[in-house]
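K.L.:
Need coordinates for the below:
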Amino acid sequence: MATRTHTKTTHHRKSKPVPPRDLRLPAYLTWQWVAVRVAYVVLFITGFMIIVQIVYPSSMALPGTMIGGKKYGYQNRLRITQSINGLNDQKLHFQAGDQTLEHSPKELGMTIDGAPDADAVLHYSLSERLIPFSLFFEQRVDEHISYRVDEGQARAFAVRLSAYNKAPKNAVVKLKRGEVVVRPGQRGYVYDAAAVVEVIHNAQLTHVLNISLNPTVADPEISDSMAAEAAALLNQRLSVPLKVEVAGKSITFDKKALASWTILKFDKRSRVFRIDYDSKKVKRALAGLAQQVHIPAIPGATTVRDGRTVGSSSSKPGRSLDVEASAKVVIAAARDNKPQAEARVVTTTSYSRVIRTYSRSSRGMQALLDYWSQSHGGQWGIVMQQLNGGSISASVNPNRQFRSASVYKIFVAYVVYTKINAGQLSMSAGTDTGKSVGTCLELMIVRSDNACGTALGNKIGWSANHGMLRAKGFGSTQLVYGGHLTTARDTATFLTYLQSRSLTGSGYDGSLLSMFGRQIWRYGIPAGSPGMHVANKLGTAGGFNNDIAIVYHPRGTYILTVLTYGSNFGSIRELAGQVAALMSQ
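P.N.:
Residues are numbered from 1 along each chain as shown. Predicted coordinates for the structure are as follows:
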């Protein structure tokens, strides 16, 4: 079947040709005309802006106003002032040492005042207003905020800030277990009050409220480099062991031993470390060598028995380390970093000693008293006499007169009792003290009462009784007020009579002996005779110290009378102890 094709024919109408457009400007649009029109527009805009600038409020900040880093464009005086003054309620930030501190401006003595800043930026003069577009390109920038300073408050704050001062720390070099240890130093800083006040006055505040209070840096006296140099020198000194020799003996000091007596000192004048050595520790360190070297000296001895030499032996010299000189040698070697040193020895001088022994006899007792009086200072009058049939006796200066001190009271008591026996005086008779004779006798002996002694002496007439004393055998005794004298022999004779109850020939002897046993001053012979009953009478005046006693020793009663000048009761006590020890043999 055939296909038919239809063809569409299009008919085009022929248009008329369009003439080309004339693009040329009208004759009146010349470039001069355009320039005039543009000038009119510019003048209009400029005039309009000048009018706007002239009428711009004087209380309003220009658009480009900035105070202390904050924009205040188009804000009036009140808002600017309030905004800046509000900083008084905020915190200032500043660094104090290792701490960041926060304080209100008032605490630093600062009062932030926005009024001057507002006045300064709000000034927009007429001449500026007449400058076209000055409203936009005139800048009002005040980089810092104004404030007032209270001088007293600022100073008070500056003083308080000194609490944050930090002292510098010196570098440290020390020896620990034989090793050199270095600890680095640290810088310190100091806030000077005057400088802080000056910073407060000159601070350039912004809205950030940061202040730089830079302290004065304090360098340590001992720097790290100085410590390192000293450590190196120390290590050098300790690296070489030191051998010390003498007499074929030796001792070696290692690093730890050397370090134990090494001292590191910092000389402030020259500002350098100096190495020294502790001589005491060096001497102790030499103890081991001293023991090796030591040969003891053998002393000689002389044996004396009862004052006579009965034997002797010769001495032999010894040897010992001269520690003082050796320590100096060792220190010098250590200081020069030498590996060896030669110590020093000395020969010890020999000496002789005397060994004194005494027999329990009159000869032994006499030797004891003789040596005692010769080897102890002062003057001595001593009598020792064994009683009740005993034969031991000895004396030193028995007839030398000494001031009797209170010992005179025993002779006053003798005269009083003798007069009472003869009916010339009674126990109830009164005395100058207001007490009876009997009472005064008790007080005079037991308590050594001086008032009663004087009253009884006045009662009997003092020296008027010398004849009575001579008749009884007390030939060297004087009863003179203020100048009483007696001897060790007279006092020993008195005690012999008293012990045998033959002093007054009456019962009063027992009473008087009882008083001797009860008298309270017992730091002489009684103290040197422990464990024994002692009846004594002590007296002291000026340099005279006397004690007379009957000692009831377990191996026999004896009399010991000791009168001294220039000695003391400690020596009397020691002598009494030696006599008691001899009698105990």
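K.L.:
Just to check, residue 367 is in contact with residue 309?
P.N.:
No. Between residue 367 and residue 309 there is no contact under C-beta atoms under 8 Å: 11.7 Å. Where you see a C-beta, it was placed from the backbone N, CA and C, and this is true even at glycine.
K.L.:
So which bits of the helix or strand containing residue 409 are buried?
P.N.:
Secondary-structure assignment from DSSP states H and E places residue 409 in helix 408-421. The neighbour-count criterion (16 or more other C-beta atoms under 10 Å) identifies 408-420 as the buried residues of helix 408-421.
K.L.:
In terms of secondary structure, what does the following helix or strand past it contact?
P.N.:
Next along the chain after helix 408-421, taking DSSP H and E as the criterion, comes helix 437-446. For helix 437-446, the packing partners by 3 or more C-beta pairs under 8 Å, 6 or more residues apart in numbering; DSSP states H and E come out as helix 408-421, helix 450-460, helix 508-518.
K.L.:
Now tabulate those in a markdown table and tack on distance to residue 174 and mean pLDDT.
P.N.:
Converted to a markdown table, those look like this (distance: least, C-beta to C-beta, whole Å; pLDDT from 0 to 100):
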| stretch | distance to residue 174 | mean pLDDT |
| --- | --- | --- |
| helix 408-421 | 73 | 97 |
| helix 450-460 | 70 | 96 |
| helix 508-518 | 70 | 96 |
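K.L.:
what's the closest of the ones you listed to residue 89?
P.N.:
Closest of those to residue 89 is helix 450-460, at 90.9 Å (criterion: C-beta to C-beta).
K.L.:
Any buried residues in the closest one, and which?
P.N.:
In helix 450-460, counting by 16+ other C-beta under 10 Å, buried: 452, 453, 454, 455, 456, 457, 459, 460.
K.L.:
tell me what it is packed against?
P.N.:
In terms of contacts (3+ C-beta pairs under 8 Å, 6+ apart), helix 450-460 is packed against helix 408-421, helix 437-446.
K.L.:
Now the next helix or strand after it: buried residues?
P.N.:
Scanning forward in sequence from helix 450-460 by DSSP H and E, the next helix or strand is helix 466-472. Using 16+ other C-beta under 10 Å as the test for burial, helix 466-472 gives 468, 469, 472.
K.L.:
Contacts for helix 466-472, please.
P.N.:
Residues from elsewhere that reach helix 466-472 (C-beta atoms under 8 Å, 6 or more residues apart in numbering): 411, 414, 415, 418, 475, 477, 478, 479, 497.
K.L.:
mind running it again at 10 Å?
P.N.:
The set of residues external to helix 466-472 that reach it, using C-beta atoms under 10 Å, 6 or more residues apart in numbering, is 411, 414-415, 418-419, 460, 463, 474-480, 486, 490, 493-494, 497, 503-504.
K.L.:
from the buried residues of helix 466-472, which is closest to residue 143?
P.N.:
Distances from residue 143 to these, taken by C-beta to C-beta, are shortest for residue 469, at 119.8 Å.
K.L.:
Quick one, grab the pLDDT at that closest one.
P.N.:
With respect to pLDDT, residue 469 scores 96.
K.L.:
Tell me the strands beside the strand or helix carrying residue 276, with direction?
P.N.:
Using DSSP H and E, residue 276 sits in strand 272-277. Using DSSP bridges, strand 272-277 pairs in its sheet with strand 262-267 (antiparallel).
K.L.:
buried set for stretch 70-77?
P.N.:
For stretch 70-77, by 16+ other C-beta under 10 Å, it's 72, 75, 77.
K.L.:
Equivalent analysis for stretch 211-225, please.
P.N.:
Those would be 211, 213, 215, 220, 222, 223, for stretch 211-225 by 16+ other C-beta under 10 Å.
K.L.:
Thank you, goodbye.
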